[in-house]
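Asker: fold the following.
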Amino acid sequence: MGVFQKVVIYFYVIGVVRSVQQIPWLSCQFIDEHVSNNSEGYTETQLIHREAMVQFGLKGDAPVNPHAITFLITVSKLDLQRSIEGVEAEELECEVRRYSTEGIHVRWPALGAEGYNRWYTCILRHRKDKFSVTAFLRHPSDQPPPGQQDYRSWTPIADQEVLTTTVAMLLKTETPSVKVRLRSQPKLHCQFSIDHRGPNVTVEWHWQSRGERRMLFRYNSRSGEIHGSGVGKKALAGGDASYTLPFTKMSSEGSYICSVSVNPLFTNMELNLHVEEPPRVSLNVGPTLVLEDGKEQKVVCTAENYYPLDVEILWHEQNPAASGQRVGAPLPKELKNILFSSHKHNQDQTYSLSAFFYLKASLALSGKQFSCSVSHPSLRMPIKKSFILQVEGKECSRVEAPPGGSRGSSVACLFSAEPSSLMFNLAVGVVLISLSGVLIIMLLYLNSGEQHLQQNLGSLLGEEDDCHQNNPCLFFLQQEDHLR
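Answerer: Down below sits the predicted model:
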């Protein structure tokens, strides 16, 4: 088999696979309208939900469901099937509506578009917001539009009717809902296609939020005029109207509306942009907290600079060994005595919050791991920060004075940590030995001084006896008594 034949077979197989993945038909809701005036003269619109099918095929194909209204989409320059490739029919929401041209009749310049047209919009939305597509379906008619208020006298559609249509215009976005961080430059996707060349197309972008609306960009293909920025002119020539935001701020949040109009058709898509800033989490203690038995410490877990406001901070207690076990490990114990600060509104419109408790050290808690867990919509998994508590208990021993020293004893206290610190105990031992040596030297010095004083007093007393016999000593003894 030659190389050329292999290439042909390869592309044939790829084509077959792609055709298998394409959806041949979709179950839809046809939302019909009945417009009338009420008793007070006001216009009322009644929406009527009817069973319908969107079926891809050729003119004259039998309907898949003969009991429903069938919108048969035949082959044209625009391929609606390709725009929804790679998904299952169950993942899509399908909706068909009538479209009013407000009585305007404009000859549609596509091949085979002669006479008049009735227009419908087919909206396909992915249930998980992966994309959204709006297609204008053109149904040829030999009847002119009834007038400006054509919606008051729609052409009736029977329950089993088959309407043969072609796609005249497509508008698609792959970013119907976007979550971004601050100071990012997201690109909002908007792609349009029209079934004929050189249309007079107008593209606009608007932003709106909380009753405020602002135009961001406008382009008209006939005049070539551009107002605003964010969309490339060269990209527009290929139907790419995607809008790139400048660096996002909190005020960037809202709805972004991409609209495309080709007379007499107009459609738009709403893309929702949400700002989500993950929190920065920190503790006011290190990985190991050493406390004396009975002492109390304020432990604070802080979540900073997050948005939106929805945040949850939890404290747990467990054994460090259990945290690494996958099977049979006891669940962490949630602490209940947690206090919270008020929400701090930062300058960049983000928020901060602290959760704290007062930890009273006891030997029973020594070796326990305390963990702070922070959950937020911007996080797939909670952020965890932990520390291990080490508690030092008092061990006191009595140190007796050496023989011949002063009466009484001194008490020396050692602090033992669980688990004990070898370096700490060595340091304390060296200090105590040094102090004991100094104490012994002082006691010996005081003892020798007392013995010397007793010897001097004994010699003085002997001289006093001699003074009784020798009067000249009397003056000296009187002075000695005075000194005493």
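Asker: all the helices of the stretch 101-250 of the chain, residue numbers only.
Answerer: In the stretch 101-250 of the chain, the helices defined using DSSP state H, counting those that start in this stretch lie at 233-237.
Asker: any idea how many residues pack against the closest residue to Val275 other than its chain neighbours?
Answerer: When the adjacent residues along the chain are set aside, Val275 lies closest to Glu253, with 4.8 Å between them (CB to CB, 6 or more residues apart in numbering). For the C-beta atoms, the positions are set from N, CA and C on the backbone; glycine is no exception. As a burial measure, Glu253 scores 19 neighbours (other CB atoms under 10 Å).
Asker: can I assume Pro66 sits in a helix?
Answerer: No: according to DSSP: H, G, I helix; E, B strand; the rest coil, Pro66 belongs to no helix; its state is coil.
Asker: how close does it sit to Val54?
Answerer: Distance of Pro66 to Val54, computed by CB to CB, to the nearest Å: 15 Å.
Asker: ok, those two, which is more surrounded?
Answerer: Neighbour comparison, Pro66 and Val54: the larger count goes to Val54, with 26 against 10 (by other CB under 10 Å).
Asker: bridging residues for the more buried one?
Answerer: Leu26, Phe71 (DSSP bridges).
Asker: list the residues that contact it.
Answerer: Trp25, Leu26, Cys28, Phe71, Ile73, Cys94, Val96, Cys122 (CB atoms under 8 Å, 6 or more residues apart in numbering).
Asker: 6 Å - rerun?
Answerer: Contact analysis of Val54 by CB atoms under 6 Å, 6 or more residues apart in numbering lists Leu26, Cys28, Phe71, Cys94.
Asker: and the residue positioned nearest the centre of the chain, what's its pLDDT?
Answerer: By CA atoms, centre = their mean, the mean C-alpha position of the chain lies nearest to Ser378, the distance being 0.4 Å. Listed pLDDT for Ser378 reads 95.
Asker: burial check on Glu392, number of neighbours?
Answerer: The local packing of Glu392 (other CB under 10 Å) involves 21 other residues.
Asker: ok, what's across the strand from it?
Answerer: For Glu392, the beta-bridge partners under DSSP bridges are Glu292, Ala417.
Asker: wait, it sits on Glu292?
Answerer: Yes: using CB atoms under 6 Å, Glu392 is in contact with Glu292, at 5.1 Å.
Asker: just to revisit the earlier point, may I ask which of the contacts of Val54 has the most neighbours?
Answerer: Neighbour counts for those peak at Phe71, which has 26 neighbours (criterion: other CB under 10 Å).
Asker: that older thread, any idea how far the residue nearest to Val275 is from Ser352?
Answerer: Taking CB to CB, one finds Glu253 at 19 Å from Ser352.
Asker: now swap in Trp119 and tell me
Answerer: 53 Å.
Asker: neighbour-wise, which of these two wins?
Answerer: Remark: of Trp119 and Ser352, Trp119 carries more neighbours, 21 against 18, as counted by other CB under 10 Å.
Asker: for Gln318, give me its contacts.
Answerer: Here Gln318 is in contact with Pro332, Gln369 (CB under 6 Å, 6+ apart).
Asker: could you rerun that using 10 Å?
Answerer: Ala329, Pro330, Leu331, Pro332, Lys333, Lys368, Gln369, Phe370, Ser371, Ser386 (CB atoms under 10 Å, 6 or more residues apart in numbering).
Asker: how confident is the prediction for it, by pLDDT?
Answerer: pLDDT at Gln318 comes out at 91.
Asker: ok, now Val7?
Answerer: Reported pLDDT for Val7: 42.
Asker: count residues in the vicinity of Arg97, would you?
Answerer: Neighbours of Arg97 using other CB under 10 Å come to 16.
Asker: which ones are touching Leu309?
Answerer: His343, His345, Thr350, Tyr351, Leu353, His376, Pro377.
Asker: for Ile82, which non-adjacent residue is closest in space?
Answerer: You called it Ile, but residue 82 is Arg. Gln22 (7.5 Å).
Asker: sorry, slip of the keys, the one I care about is Val162.
Answerer: In space, Val162 is closest to Thr70, 4.5 Å off (CB to CB, 6+ apart).
Asker: now swap in Asp293 and tell me
Answerer: Gly393 is the one closest to Asp293 (CB to CB, 6+ apart), at 4.6 Å.
Asker: quick check: the residue nearest to Arg82 touching Gly57?
Answerer: No: if you go by CB atoms under 10 Å, Gln22 and Gly57 don't touch, sitting 11.7 Å apart.
Asker: which of these two has more residues huddled nearby?
Answerer: Taking other CB under 10 Å, Gln22 and Gly57 do not tie; Gly57 has more neighbours (17 against 13).
Asker: phi, psi of the more buried one?
Answerer: Torsion angles at Gly57 (phi, psi; degrees, to the nearest 10) stand at phi 180, psi -150.
Asker: the one 4 residues further on too?
Answerer: Asp61 has phi and psi values of phi -60, psi 140 when expressed as degrees, to the nearest 10.
Asker: my read: it touches Val162, true?
Answerer: Yes: between Asp61 and Val162 a contact is recorded at 8.7 Å, counting by CB under 10 Å.
Asker: okay, these two: which has more neighbours?
Answerer: Taking neighbours as other CB under 10 Å, Asp61 and Val162 compare with Val162 leading, 19 against 14.
Asker: dump the residue contacts of the more buried one.
Answerer: 53, 55, 59-63, 66, 68-72.
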